[in-house]
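[1] Need the 3D shape of this:
(chains A and B)
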2 protein chains.
Amino acid sequence: MVKNLILKARGVEKSDLVLKNCKIINVFSNEIIEGDVAIDKGYIVGIGQYEGEKEIDLSGRYLSPGFIDGHVHIESSMSSPSQFARVIVPRGVTSIIADPHEIANVKGIEGIKYIIEDSKRVPLDVYVMLPSCVPATNFENAGAILEAQDLKELMDEETVLGLGEMMNYPGVIFLDEKVIEKLVLFKDRVKDGHGPMIDGKDLNAYVAAGIMTEHECSTAEEVLNRLRLGMYILLREGSAARDLRNIIKVVNKDNLRRFLFCTDDKHPEDLINEGTIDYNIKLAIRGGIEPIDAIKMATLNAAECYGLKGKGAIAPGYIADLVVIDNLEDFNIVKVFKNGKLVAENNQALFDTTIHLPKNMVDSVRIRDVKVEDLQIPMKSNKANIIGVVENSIVTEKIVDEVNLVNGYFDYSNDDILKLVVVERHFATGNIGVGLIKNFKLKNGAIGSTVGHDSHNMIVVGDNDEDILAAIKELEIIGGGLTMVSRGKVLKSLPLEIAGIMTSRPIEETNRILKEMIDLSHKELKVNENIDPFMTLSFMALPVIPKLKLTDMGLFDVEKFEFIDISLE
Amino acid sequence: MVKNLILKARGVEKSDLVLKNCKIINVFSNEIIEGDVAIDKGYIVGIGQYEGEKEIDLSGRYLSPGFIDGHVHIESSMSSPSQFARVIVPRGVTSIIADPHEIANVKGIEGIKYIIEDSKRVPLDVYVMLPSCVPATNFENAGAILEAQDLKELMDEETVLGLGEMMNYPGVIFLDEKVIEKLVLFKDRVKDGHGPMIDGKDLNAYVAAGIMTEHECSTAEEVLNRLRLGMYILLREGSAARDLRNIIKVVNKDNLRRFLFCTDDKHPEDLINEGTIDYNIKLAIRGGIEPIDAIKMATLNAAECYGLKGKGAIAPGYIADLVVIDNLEDFNIVKVFKNGKLVAENNQALFDTTIHLPKNMVDSVRIRDVKVEDLQIPMKSNKANIIGVVENSIVTEKIVDEVNLVNGYFDYSNDDILKLVVVERHFATGNIGVGLIKNFKLKNGAIGSTVGHDSHNMIVVGDNDEDILAAIKELEIIGGGLTMVSRGKVLKSLPLEIAGIMTSRPIEETNRILKEMIDLSHKELKVNENIDPFMTLSFMALPVIPKLKLTDMGLFDVEKFEFIDISLE
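    Below you'll find the model as predicted:
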């Protein structure tokens, strides 16, 4: 191996491939170097003047190292890793640090293994951070519980880098035994952070515990406090969280090396229209960062932060992950090479992603039969605690309002108070949480989903019990996904057959169906025009985001941090 | 461990030690942060306002991370690692990357183990790069031959980082099997370079082979060529090689992170008078580098280059290696903390370094009895090839001159042609090289040394055979070191009892004796005033430096790359 590199670098033998007439972006010297790049057996062997068995003339286009996404949940694309690759690789991303937190909440270790295995089918290096917080809370039943000993099984997998975002910062600073066990197990490995509001001595403690990165910063102050303590800062531009523009101003020549990019969560439509890390780079450049510095953040810095050897630069011995860019203003990705092979051209992947359905991922919806009786809400009075949807936000309001009663039970009326139902769907325990929701708006039907952060139980909203039951049934039949029902009839469904949260069908198709369904929801079911019903539903069962949420265990008051009754005395 | 860090960081319990009122040099943000630094069990736990069991008020002095010497041969200090520590730790150096190439040439693996073990006796972290080129050439007999399988024994020692400077670059680029074996063995480890003159495709090959650092650059062009290919550049300021001033101008904000400092070889006098990495920092600042950037090169950059976790910065969870500096102009080191303990103050080490003589290091001089007959030079004519000493250089001239003959043998005369003798001294093979030398100058005596790069055979120069024999005898008796003899009487000796190249006595004493001896050599023995006789001798047997050298195997013409006769036909 090393012999071959040396021989080819010396030009004694021709290399497999030589990219001629490149403007090479040198992230070590911040220069544009004109010359050829010789590639052999997937590695860069030399820079200068070379001859190759095959030669591609880049005609003076720019050549960048492949981009690296420092933190991403593939699951947010609703696509399998291989499908995800098909949309991000043409954007120049050749390596990602994935945190399979969502699928782990459904399928545990098996889910993580699926991510690892499916990734091997495509020319994208998917490194994995093992989810640190499964389940995310004790107020819901997820599909798995991952303790330190469970993670141990996977920690020495070749692509596993370390411990995923430690959201349980109280667990860290107040020395929760199970959290400490994980920190100890990953002592010498990268540990990602997730604790934007921590400050002062608590932040010192969080960093002293070995938490090394933060991707949740949304203010300059949060960035600076963490940078000073040695954390790497990931500048995030996702679908929901778009922090990059706010914090890019903190980056300067002196601290640049401590910054990298991530998308965290990006939905199909944004991936298709905006792109991924290429979009972070463009925004950074618009924010005043020099193009080479922006590229450095997307390459060398990420490689250093996560210890990815042979990644992040164009130099002899480095892996030939390369991106051809038309110019540094328009920043269009013309070609992408992975391990020295052309894998994308003009925004089209050149690799195959046939549908692949691993048996152990497609049987994820297991529910006990739900009957109309299960959906009834006994009331002590006609005053109820109601979840209030806030437009463009994952926070909800806690509304107290009067409701219709029939025989001491809640009854639907015309005043926009719908039932929200969360059905435990991993172990068929029969656990069902039923609550009330306002400002979602919906007429003559129900909308349901098995995408529900973080435990991904089944969540259904509706204005009548029959349609709610029909939606639950449909979600069971399709093996998880999204559905909409009206007057007993399924209007449309999007099966997410992999763990009920992802599909291996083309992301363009997923996006098309999803858009159709959102459109239908507004037109047919009269859902609030200002919300995406599926996105909204997906956060209704997340008991760490204020104020009022519903899990399979009941109605949870996040501010009181306890379950409460629907009806007031 | 991690629990304790968290508790102390949160300030729930007092830390062992708090440094109050510091101006903390933050190498992540390039800021000076005013505050306290809390330290517990050797680690930094928090930055801000803290209370400690013990508190030290720094009264607004600067606090820097401990300095790191990126490449140093401890042996050049003529001192044991523990003695070496006593002089460099007070200068703020708390970690060094040592390449025990010299002692390995004498004692092989045992010599390297000695360096590792002796280092553990002092508060200095001595990381080791395993010597890649022992012996340095095939034209001399050293004390050991180290192949890949020999190095393997030590590669997993805790303090061993990688493979030491690969001087044999022809071996790399022309695929010498034994060199390749070493590169393969250290595939995933740091490999230091030593190949200043390599260029073009050969340089690409050298880098493709995995060689990652270079400390021999003396021109801006050499630096840039290597920087662009991804090598880390060590800015060297040693005793003989003083490159920093020439190349510091290449360093800028964009490429700074790829530069660090080293001393390589520094002699007792310079260590005592100039200092070590603190001096590199001062020179860099004088060369236009901002103080925090200069400190960054000496700390964070070195830690990143060599993968030293928890080193190179002041942040929670980092090792408490700290340097107190009066101000960033005078740059006087006031206090040094190692693992949170005060180990030096006002340029004085606060730790003990008692003499320590490991048995297997002190029996290094093994020679067969040398007789006057062994020193005779038969001549075919009166024309001889003579080594010409060049002042202030390790290069020699190849002089052809007429010499006195008696019965067909060389005879001493008054025309400054002395005998130079190299005696193999590791295995008592009886190998002796005898040659002639000019411009060393010397009257009525002999000077000898067991310090001779790189094989460290015994080297003696003299104007009569009796004194040469007496010097050889004395070096044998003292177990190696330096000596001067006149008219059969030893004038003075400096025993270097450890492998014949180092001593565990105080470096100040070594320096004093050495200076006395150099002085005596000029005054009593009339040695050329413009040379240091011992330094000059130490390079006379190094057959990789032009033009004419003498090894225990004979007279070597470096330009022809072959042994030659003393006498011309």
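[2] Can you give me the end-to-end span of stretch A:519-535?
    Taking Cα to Cα, to the nearest Å as the measure, stretch A:519-535 stretches 14 Å from start to finish.
[3] May I see the buried residues of it?
    A:520-522, A:524-525, A:527-528, A:531-535 (16 or more other Cβ atoms under 10 Å in any protein chain shown). All C-beta atoms are positioned from the backbone trio N, CA, C, and that covers glycine.
[4] same check, this time on stretch A:343-353
    By neighbour count on 16+ other Cβ under 10 Å, the buried set for stretch A:343-353 is A:343-344, A:349-351, A:353.
[5] Which residues does that stretch contact?
    A:82-83, A:85-87, A:89-91, A:121-123, A:333-337, A:342, A:504, A:506 (Cβ atoms under 8 Å, 6 or more residues apart in numbering or on different chains).
[6] Ok, stretch A:361-370 next?
    The contact list for stretch A:361-370 (Cβ under 8 Å, 6+ apart) reads A:106-107, A:110-111, A:114, A:143, A:423-430, A:432, A:450, A:458, A:469, A:472, A:475-476, A:479-480, A:497-500.
[7] which among these end up buried?
    Neighbour counting with 16+ other Cβ under 10 Å marks A:106-107, A:110-111, A:114, A:143, A:423-426, A:432, A:450, A:458, A:469, A:472, A:475-476, A:479-480, A:497-500 as buried within these.
[8] Just those residues: which are in helices?
    Using DSSP state H, the members of the buried ones among the contacts of stretch A:361-370 that fall in helices are A:106-107, A:110-111, A:114, A:469, A:472, A:475-476.
[9] coming back round to it: so which of the contacts of stretch A:343-353 are in strands?
    The strands, defined by DSSP state E, take in A:333-337, A:342 from these.
[10] which one of those residues has the most neighbours?
    Counting neighbours by other Cβ atoms under 10 Å in any protein chain shown, A:Val336 leads these with 28 neighbours.
[11] For the closest residue to it other than its chain neighbours, give me the backbone phi and psi.
    Spatially, and ignoring its direct neighbours in sequence, A:Val336 is nearest to A:Ala344 (4.0 Å; Cβ to Cβ, 6 or more residues apart in numbering or on different chains). In terms of degrees, to the nearest 10, the main-chain angles of A:Ala344 are phi -160, psi 150.
[12] And A:Ala344, how close does it get to A:His356?
    20 Å (Cβ to Cβ, to the nearest Å).
[13] if we can go back for a sec, any idea what the residue nearest to A:Val336 is bridged to?
    With DSSP bridges as the criterion, A:Ala344 is bridged to A:Val336, A:Ala349.
[14] could you check the distance from it over to chain B?
    According to Cβ to the nearest Cβ, to the nearest Å, A:Ala344 and chain B sit 25 Å apart.
[15] mind checking pLDDT for that residue?
    The score at A:Ala344 is 98. That number is its pLDDT.
[16] Also A:Thr137?
    89.
[17] check contacts around the closest residue to it other than its chain neighbours.
    Spatial nearest neighbour of A:Thr137, excluding adjacent residues (Cβ to Cβ, 6+ apart): A:Pro543 at 5.2 Å. Counting by Cβ under 8 Å, 6+ apart, A:Pro543 makes contact with A:137, A:139-140, A:549, A:551, A:556, A:558.
[18] before we move on, what about A:Ile333?
    Counted by Cβ under 8 Å, 6+ apart, A:Ile333 has contacts A:90-92, A:278, A:323-325, A:344, A:347.
[19] ditto for A:Leu542
    Counting by Cβ under 8 Å, 6+ apart, A:Leu542 has contacts A:136, A:394, A:452-454, A:549.
[20] out of these, which are inside strands?
    Per DSSP E, the contacts of A:Leu542 map to strands at A:Lys549.
[21] from the contacts of A:Leu542, which two are the most distant?
    Farthest pair in the contacts of A:Leu542 (Cβ to Cβ) is A:Ala136 and A:Ile394. Separation: 13.7 Å.
[22] Look up which residues are beta-bridged to A:Tyr62.
    Beta bridges link A:Tyr62 to A:Lys23, A:Ile325, judged by DSSP bridges.
[23] Can you pull the residues of the stretch 201-350 of chain A lying near chain B?
    By Cβ under 8 Å from any Cβ of the partner chain, the residues of the stretch 201-350 of chain A that approach chain B are A:201-202, A:204-205, A:207-210, A:224, A:227-230, A:253-255, A:257-258, A:292-293, A:304, A:309, A:313, A:315-318.
[24] try 7 Å this time
    A:201-202, A:204-205, A:207-210, A:224, A:227-230, A:253-255, A:257-258, A:313, A:315-317 (Cβ under 7 Å from any Cβ of the partner chain).
[25] how many other residues sit next to the residue in the stretch 451-569 of chain A positioned nearest to chain B?
    The stretch 451-569 of chain A approaches chain B most closely through A:Phe561 (20.9 Å), counting by Cβ to the nearest Cβ. A:Phe561: 11 surrounding residues under other Cβ under 10 Å.
[26] And the one 3 residues further on, by the same measure?
    If you count neighbours by other Cβ under 10 Å, A:Ile564 ends up with 14.
[27] Identify the residue nearest it in space, chain neighbours excluded?
    A:Asp557 (4.7 Å).
[28] Pull the most distant pair out of the ones in helices among the buried ones among the contacts of stretch A:361-370.
    A:Tyr114 and A:Leu469 (30.8 Å).
[29] show me what contacts A:Asp557?
    Counting by Cβ atoms under 7 Å, 6 or more residues apart in numbering or on different chains, A:Asp557 touches A:398, A:548, A:564.
[30] what's around the second one, how many residues?
    Summarising burial for A:Leu548: neighbours were counted as other Cβ under 10 Å, giving 25.
[31] next one: the one 4 residues further on
    Counted by other Cβ under 10 Å, the residues lying close to A:Asp552 total 25.
[32] The one 10 residues further on too?
    Using other Cβ under 10 Å as the criterion, A:Glu562 is surrounded by 10 other residues.
[33] Check the secondary structure at the residue nearest to it when sequence neighbours are not counted for me.
    Excluding the flanking residues, the one nearest A:Glu562 by Cβ to Cβ, 6+ apart is A:Phe556, at 7.4 Å. Following DSSP: H, G, I helix; E, B strand; the rest coil, A:Phe556 is assigned to strand.
[34] show me what contacts A:Phe556?
    For A:Phe556, the contact set (Cβ under 7 Å, 6+ apart) comprises A:139, A:543, A:549-550, A:563.
[35] Could I get the contacting residues of the nearest residue to A:Gly11 once chain neighbours are set aside?
    Computed as Cβ to Cβ, 6+ apart, the closest residue to A:Gly11 that is not its neighbour in sequence is B:Lys201, at 5.0 Å. Residues near B:Lys201 by Cβ under 7 Å, 6+ apart: A:9-11, A:46, A:48.
[36] Report the two of these separated the most.
    The largest separation in the contacts of B:Lys201, counting by Cβ to Cβ, is between A:Arg10 and A:Gly48 at 11.0 Å.
[37] So these two - more neighbours on which side?
    Shown here are A:Arg10 and A:Gly48; by other Cβ under 10 Å, A:Arg10 has more neighbours (21 against 16).
[38] Can you tell me the centre-most residue of chain A?
    A:His73 (2.3 Å; Cα atoms, centre = their mean).
[39] can you give me phi and psi for it?
    phi -100, psi 100.
[40] before we move on, what about A:Leu537?
    Dihedral angles (degrees, to the nearest 10) for A:Leu537: phi -60, psi -40.
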